[in-house]
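> Sequence first, predicted model second:
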Amino acid sequence: MAEKKTYKRKRPGASPGSLVLVGKKRLQEVAIESFDYSPDFFEEKTKLTPDECLKYRDTDNISWVNIDGLHDTEVIRKIGTHYIIHPLTLEDILDTIHRPKLDDMDHYIYVSLKMLSIEPGTNKIIQELISIVFGFNWVLSFQEFPGDVFVPVRERLRAGKGRMRKMGADYLAYTLMDAIIDNYFLVVESLGERIEKLDNEVISHANKNSLRLIHDLKNELIMVRKVVWPLRDIVNSLYRTESELIQDDTTVFIRDMYDHVIQIIETIEIYRDQVNGLFDIYLSSISNRTNDIMRVLTVMTSIFIPLTFVVGIYGMNFHSMPELSWEYGYPFTWVIMITIAVSMFFFFKRRGWL
């Protein structure tokens, strides 16, 4: 079941660029971590204060500052002012329910997208807004709450192998986006398994619970589609941008990420068609079950109609009826009725009506 949220919204008429958290307010403290690196240098720090993370804008190394928690708007304001981030961008960072988007602001690029995950022990799909802002040698990532899909990125930075530390901030931003998009495959695969399981259930024994599950799956696919569909234009714009912040070596990887997005979109469309087909199968199963019941009832009624006719005749009790005084009239009537019932039963059986 998709996650349902009750959001705090921005006051209508507020001035543009007002820093108001739109979404669920989290009570935990804002957690800031940093990664400062070059081909021959690496430094990782956690539990930073906002002032401690400001120095990374002006270093010669590549710096990644990750902020967990958006409820403290003063922290967001201070970081945004120091990195010269436009107030409208900061407003979008705090608007956790807005559509994924990309803004090219000359000295930085802002990308927002949704991170999807499946809650352990349930089928609930949880979505979280991830905002990525990157300049020439720095990357800022903003998350609603702790826990993300960036563990492989952190491990690659610590290991220092491959091209990770040799590339620029644009490549780091790409790896963060790619980690989020790759996680979509796990979510979509989970939805596919549920659809396959529900398909077998609907065919074998459809019930009211099956209809509810079909409805839930349909809503979840709509939610995932809303999350993934805008990424096609975002990644394509990132690939075709003429910004100096995107190096030629990185565009090859962005194009590959675009292919992944298209693949996910096509899979979601296929699953949507399958879920719509499940609803048709459900209606057909219910209709066939009803027809089977009505056929059995009709056959039973057809068998008892002639028996009722016989009983009705001998229930008239006319004095001139010779069978009423016959010694074997009662058992003979039973023989006739049983013969009629058995003959009709085998007749319907042979015709395939039973």
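Perfect, thanks for sending it.
> what helices or strands is the longest helix along the chain leaning on?
Counting by DSSP state H, the longest helix found in the chain is helix 248-313. Packing partners of helix 248-313 (3 or more CB pairs under 8 Å, 6 or more residues apart in numbering; DSSP states H and E): helix 169-205, helix 208-240, helix 329-350. Bear in mind the C-beta positions are built from the backbone N, C-alpha and C, glycine included.
> Now P39: phi and psi?
phi -60, psi -30 (degrees, to the nearest 10).
> make that P50, sorry
Torsion angles at P50 (phi, psi; degrees, to the nearest 10) stand at phi -60, psi -40.
> what does the one 5 residues further on give?
Geometry field for K55 lists phi and psi as phi -70, psi -20, criterion degrees, to the nearest 10.
> quick one: contacts for it?
K55 makes no contacts at all, as judged by CB atoms under 8 Å, 6 or more residues apart in numbering.
> One more: the one 5 residues further on?
For D60, the contacting residues are S38, N137, by CB under 8 Å, 6+ apart.
> likewise E33?
When contacts are counted by CB under 8 Å, 6+ apart, E33 touches E44, K45, T46, K47, L48, V65, N66, D68.
> Could you rerun that using 10 Å?
By CB atoms under 10 Å, 6 or more residues apart in numbering, the contact set of E33 is 44-48, 53, 64-68, 141, 154.
> before we move on, the earlier item: now that we have the helices and strands packed on helix 248-313, can you turn them into TSV and tack on distance to D259 and mean neighbour count?
Listed next are these as TSV, based on distance: least, CB to CB, whole Å; neighbours: other CB atoms under 10 Å:
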stretch	distance to D259	mean neighbour count
helix 169-205	10	18
helix 208-240	9	18
helix 329-350	59	13
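> ok so, going back, please identify which of the contacts of E33 is nearest to D216.
Of all the contacts of E33, D68 has the smallest distance to D216: 29.9 Å, by CB to CB.
> and that closest one, bridged to which residues?
A31, Q143 (DSSP bridges).
> Just list the residues touching it, thanks.
For D68, the contact set (CB under 10 Å, 6+ apart) comprises 26, 28-33, 141-148.
> Need the per-residue pLDDT for the nearest residue to P230 once chain neighbours are set aside.
Spatial nearest neighbour of P230, excluding adjacent residues (CB to CB, 6 or more residues apart in numbering): P100 at 4.4 Å. Note for P100: predicted pLDDT of 91.
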